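A.B. asks: Give the three-dimensional model of this entry:
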Amino acid sequence: MTEEKKLPFRIYTGQGILTRDENKSQPLIQGLLFENDYIMIAAKKKSYKSICSMQMACNLSSGTKFLDTFKVPKPQMVWYFATEGKDEDIKDRFIRMSQHVKINTDNIMLICSPGFRFNSKFGTEYIRYLCEKYKDKLPKVIIIDALYMALKGSIKDDEDVNDFTTQVRVFAEHCNAAVILVHHTKKSTIFEGRPVDLGDEEVYGSAFLLASVDHCFLMEKIKEKDDKRAILKCDTQRSGNIVEEIEIQLNEPAPLYLEMVDKHKHKKHIVKELLKVNKAGMNMKQLMKSSSLPRNSIYAFLNDMEEEVDKVGQPIIYKLKEYVNV
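C.D. replies: Down below sits the predicted model:
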């Protein structure tokens, strides 16, 4: 290891300041997770956030589409830190999920420990131990579920949160990995008898939790009796590449998995019909204007239709393959 690699920072001078490594902005899950991202999935109890993160882990391990829609370009190694719940219950979830979602168990390492605190002396030592013992299987994605059990100190304390973030980021940088934090939100704020939508401010704990992430997904169950649907949305993001909102539904007990609801299949149908009518193809601006759908949703649908749609020219025109020579 060179002396420069031991430094806790990177130095760019001259033309290096204006040169971007395109490999650092490649998707791991198109529209949801990119190289070296540091993201959060937050929700109230029993709102499917752990099931969502487990399903992401399965699709990442096998290189298969998340929710049968969002492309995973290639299989990735995932380290899943389960900091709450019984080991056998967690494994049972993966077993039931594997009945529908493809999983490559060679690409997942499940680490169960209710006492693992990343920002503690022992936590730091154990991370070093894991990185050395499994140096040939370092993760490309690190999932920590749940955040509050992985942090030493108070989730409300800025210093404790910053210390945790630093330790996890150092770990992720060593592995060249993205991080997914699974966390919970506050109790609903009620005003004049109705819950108030606080957006990202619903995340429980120090403001530095939100300040540290590249984007935060909020999951909220639809409040209807016996309804197993939920909304996964991203109000704030640091790039324009993240899907703003999708509606999902839980299937259980076996197989156990989440799927997109028919409403989104209908929206995808709208995009396909537009391309059928416009045989010469359409660019993204035209698709957005004609469909009244957001860019990232259209992008996700086009990914889902990759076997039917070709990209032509620059700037890109999207055409149904049956009309490419038209």
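
A.B. asks: list the helices and strands the host helix or strand of residue 80 packs on?
C.D. replies: Assigned by DSSP states H and E, residue 80 falls within strand 78-82. Under the contact criterion of 3 or more Cβ pairs under 8 Å, 6 or more residues apart in numbering; DSSP states H and E, strand 78-82 touches helix 49-62, strand 108-112, strand 141-145. (Each C-beta comes from the backbone N, C-alpha and C, glycine too.)

A.B. asks: what angle sits between that strand and strand 141-145?
C.D. replies: When axes from the mean of the first three to the mean of the last three Cα atoms, to 10 degrees is applied, the directions of strand 78-82 and strand 141-145 differ by 10 degrees.

A.B. asks: how far does stretch 115-126 sit from the chain's center?
C.D. replies: 24 Å (Cα atoms, centre = their mean, to the nearest Å).

A.B. asks: Please list the residues outside it that contact it.
C.D. replies: Residues outside stretch 115-126 that contact it (Cβ atoms under 8 Å, 6 or more residues apart in numbering): 81, 83, 127, 144, 149-153, 160, 163-164, 166-168, 171.

A.B. asks: Off-centre distance for stretch 167-181?
C.D. replies: Relative to the centre of its chain, stretch 167-181 is centred 14 Å away, using Cα atoms, centre = their mean.

A.B. asks: can you tell me the distance between the two ends of that stretch?
C.D. replies: One end of stretch 167-181 sits 13 Å from the other (Cα to Cα, to the nearest Å).

A.B. asks: do stretch 287-303 as well
C.D. replies: End-to-end span of stretch 287-303 (Cα to Cα): 14 Å.

A.B. asks: contacts for it?
C.D. replies: 30-31, 69-71, 240-246, 264, 267-268, 270-272, 274, 282, 284, 309, 318.

A.B. asks: List the buried residues in it.
C.D. replies: Neighbour counts over stretch 287-303 (16 or more other Cβ atoms under 10 Å) mark 287, 291, 293, 296, 297, 298, 299, 300, 301, 302, 303 as buried.

A.B. asks: average model confidence for it?
C.D. replies: Average pLDDT, stretch 287-303: 83.

A.B. asks: do the same with stretch 32-47
C.D. replies: The average pLDDT for stretch 32-47 rounds to 89.

A.B. asks: buried sites along stretch 109-122?
C.D. replies: The neighbour-count check on stretch 109-122 (16+ other Cβ under 10 Å) flags 109, 110, 112, 116, 117, 118, 119, 120 as buried.

A.B. asks: which of those lies closest to residue 48?
C.D. replies: Among those, residue 110 lies closest to residue 48 (Cβ to Cβ), at 19.1 Å.

A.B. asks: Run through the residues that contact the closest one.
C.D. replies: Contacts of residue 110 by Cβ under 8 Å, 6+ apart are 80, 82, 90, 91, 94.

A.B. asks: just residue 175 next, same as before
C.D. replies: Residue 175 neighbours (Cβ under 8 Å, 6+ apart): 131, 138, 139, 140, 142.
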